[in-house]
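Participant: Only the shape, not the letters, is given here:
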């Protein structure tokens, strides 16, 4: 009769302790987004499949979670289709909705749908879960959160610069040492152009993108396998291997790209961006990386990727400038730029490096011990008083053994317990005990407020 | 080519302005939950259908959103089932997961699944969306949030009492005048018993539950239609119509229920609960309502329902004590009590009564006007300084016309704009303008901090 309950593979429950840690990350990110004038939106978990399909490549389409139509979903199938044997054919008839796969496509859909109500430049953030029917494995889930921040409807490079500030600010607050790698898709386009491979930009960026992981030799192999001439590869190599200061690299690039209008525009954009970065005092934490490519096709300008210095876990934040994301929904020519923070990987970094703060906002400050009806009547007004003063406190709901109640406080990481027995009641006081060091003293309500206030 | 984008019916996008209002509600509720020592959990949007099916009645099963199995979902169907014509038959083969229908069943599943890690009594809150394939209509959505707070693993009536405090505290903070209606399922069971209809408790509660909506005559009709004898109905009526103070009602009930052990237990529980309520000074806002029944079968003790006094919108919060919610998942005998806040209805009440606060935490405090590169260089350090001081500010990203920038600030509800032209730069000052009254003055960075701080 009784079933052993479980949850779908790749999904997770979050306990209070995990929630406290996750909220620490989300609150930090959210507070920084707000500090820079960004405002939240939310979109539905379900989108029409017409919104989602074809936006993430063939592989992405397969990874969409589809919702079965409600009611008699078979009734919509034409008679001559009965007896179908292909899941993908059938799916088109019995499912019209899918779960959100990322926050970017719903955001583009949102902008187009609400274009008349939106105040441009539109600075929005969005922190919501997304779902992918990926094979679950360590660190990869079927339900996970994304934290996206974008400005849409402004070409100004000040937006890119502020995003770098935001990235720096978030990771400073989280105490994660990072490097922010920056490149520009126009520079990559210019390189393809001057090595005579303008139409092979995608192949080239996909290969270059693996540089850090597999090294130059393997990248060369891949480029050759893709039919890029060894002459072109020969001209590409020295560019990818450019050394020196950012300004040195930009000068060399400028010379190399002097015949590519697009390439020169990219260099100029990078120069402006790095000038902002210098004025913000962030040169130390930012780096021009010409091998950074980012796989996604929609980027057209600056691209960003953030690595943790003390943990080898891949990128923990990334993004870039896109010039036509809303075009697929019929609103061309609107430029935007944004980054996405990878909450799950950030969690792992904080966890592995033991960087989570020890005390959590989610734990009450004190447990009031329950000795029975008389003592309870004595301390309930004090409990209410602490709450009126904004201090999170709880009372153990029954007069269980003292040991059990203290154990409860301990396991819940509650830093103080408050006790009132005969002596305390006679003295109009309570005893407050520090659970960390065991110290205890009799105090008045006023003194208790001070002890429990953070 | 370009599709006009839309979202599935019954779902909603939330703009920054709506998010600010929604977050005002969620933050208020969450802060009160924390104040009383409750801690958050989250569960996945998807649950196994084995967890969900059969828990919400036949109607509920139909309203579940089912997820199509990934990959070649038809491959799992036995050959002799091919050619099926019944959607419900097929659904069993091609779908194993469904979207969360409420937070109660996933919570019960969570408690059983993590029983060895949970610290009992377990005080948890959960604020997450749920999905129902209901026919959408005004105020009813297919995706909506629930805000649940429960204590599980404690029989103490202090838990009920604290929930009443929580309800009162939440609605006080939201400035919504309410009445908290309270009853006890044991009393209803006792009444069924003494009118000789012990086995008809469900029919009786379902009928009584409509008392407020349809009146006594219609309830009598329904009871007769269900085959309850007119003799029994005759004995039921005076109980439902009991008048007077809570203590008067309880005394009369005690007399009426003197032969029902369960009934008397219910009266004793109510008496204890109302004693707590009196000691908390909440007698004014709470009321014993013997016609309150609440449809859900799993309640076994206290039941609660909250009505707004100034808006006729049905219940905006409700809940009760359940003695065996985890039994369905193989963990019997664990008692719990909880209430759920209806965020969507609370939104409507606040909106209709114009009770939302005018300024929102989501709007930046100031827009820095952009006059071009030189002025920008002058004010960017000041912008950073404000942010270092924790003040949410933004700069318009391009040197657009002044009017356009002020219009942007106005539409985004930004209370101040900050300007720096030649005069300000020469004086090492900025001009701050109050957008509400048009007043403006030249100030130093320190003065600006004061103006922008809340």
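Facilitator: Sure thing, it's come through. None of these values were measured; they are calculated from a predicted model. Numbers count the residues shown, from 1 in each chain, chains lettered A, B, ... in the order given.
Participant: Flag the shaky bits of chain A, pLDDT-wise.
Facilitator: Scanning chain A with the threshold set as pLDDT under 70 gives A:1-3, A:76, A:78-86, A:88, A:295-296, A:359-361.
Participant: Can you pull up the most central residue in it?
Facilitator: residue A:341 (2.9 Å; CA atoms, centre = their mean).
Participant: quick one, strands of the stretch 151-300 of chain A?
Facilitator: Remark: strands assigned in the stretch 151-300 of chain A by DSSP state E, counting those that start in this stretch are A:178-184, A:286-288, A:299-308.
Participant: From the contact counts, what lies against the last one?
Facilitator: To tie it back to what came earlier, the one meant is strand A:299-308. With contacts taken as 3 or more CB pairs under 8 Å, 6 or more residues apart in numbering or on different chains; DSSP states H and E, strand A:299-308 sits against helix A:157-173, strand A:178-184, helix A:185-194, helix A:261-279, strand A:315-322, strand A:336-341. All C-beta spots, glycine's among them, are computed from the backbone N, C-alpha and C.
Participant: circling back to that earlier point, mind giving me a markdown table with the strands of the stretch 151-300 of chain A and columns for mean neighbour count?
Facilitator: What follows is these, written out as a markdown table (neighbours: other CB atoms under 10 Å in any protein chain shown):
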| stretch | mean neighbour count |
| --- | --- |
| strand A:178-184 | 23 |
| strand A:286-288 | 21 |
| strand A:299-308 | 24 |
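Participant: Throw these into TSV and include distance to residue A:325, thanks.
Facilitator: Below are those laid out as TSV (distance: least, CB to CB, whole Å):
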stretch	distance to residue A:325
strand A:178-184	17
strand A:286-288	25
strand A:299-308	10
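Participant: and of those, who's closest to residue B:430?
Facilitator: Shortest distance between residue B:430 and the strands of the stretch 151-300 of chain A, using CB to CB, is found for strand A:286-288: 27.9 Å.
Participant: Each with direction, which strands does that closest one pair with?
Facilitator: strand A:178-184 (parallel) (DSSP bridges).
Participant: what about stretch A:434-448 and chain B, touching?
Facilitator: No. Stretch A:434-448 stays clear of chain B (CB under 8 Å from any CB of the partner chain), getting no nearer than 14.2 Å.
Participant: returning to that earlier point: excluding covalently adjacent residues, which one is nearest to the residue nearest to the centre of chain A?
Facilitator: Computed as CB to CB, 6 or more residues apart in numbering or on different chains, the closest residue to residue A:341 that is not its neighbour in sequence is residue A:147, at 4.1 Å.
Participant: does the one you found count as helix, strand or coil?
Facilitator: Following DSSP: H, G, I helix; E, B strand; the rest coil, the label given to residue A:147 is strand.
Participant: Ok, the one 3 residues further on next?
Facilitator: Per three-state DSSP, the local secondary structure of residue A:150 is strand.
Participant: Go ahead and confirm it touches residue A:336.
Facilitator: Yes. Shown here, residue A:150 and residue A:336 form a contact pair, counting by CB atoms under 8 Å, at 5.4 Å.
Participant: got the contact list for the spatially closest residue to residue A:16 that is not a sequence neighbour?
Facilitator: Of all residues not flanking residue A:16 in the chain, residue B:39 sits nearest, at 3.6 Å (CB to CB, 6+ apart). If a contact means CB atoms under 8 Å, 6 or more residues apart in numbering or on different chains, then residue B:39 has A:16, A:19, A:20, A:362, A:363, A:412, B:123, B:124, B:125 as its contacts.
Participant: what about the second one, helix or strand, and which?
Facilitator: Take DSSP states H and E as the rule and residue A:19 turns out to sit in helix A:16-35.
Participant: could you check the angle strand A:315-322 makes with that helix?
Facilitator: Using axes from the mean of the first three to the mean of the last three CA atoms, to 10 degrees, the inter-axis angle of helix A:16-35 relative to strand A:315-322 is 30 degrees.
Participant: Next up, the contacts around the nearest residue to residue A:409 once chain neighbours are set aside.
Facilitator: Nearest residue to residue A:409, sequence neighbours excluded (CB to CB, 6+ apart): residue A:367, at 4.2 Å. By CB under 8 Å, 6+ apart, the contact set of residue A:367 is A:393-396, A:405, A:408-409, A:412, A:414, A:416-418, B:37.
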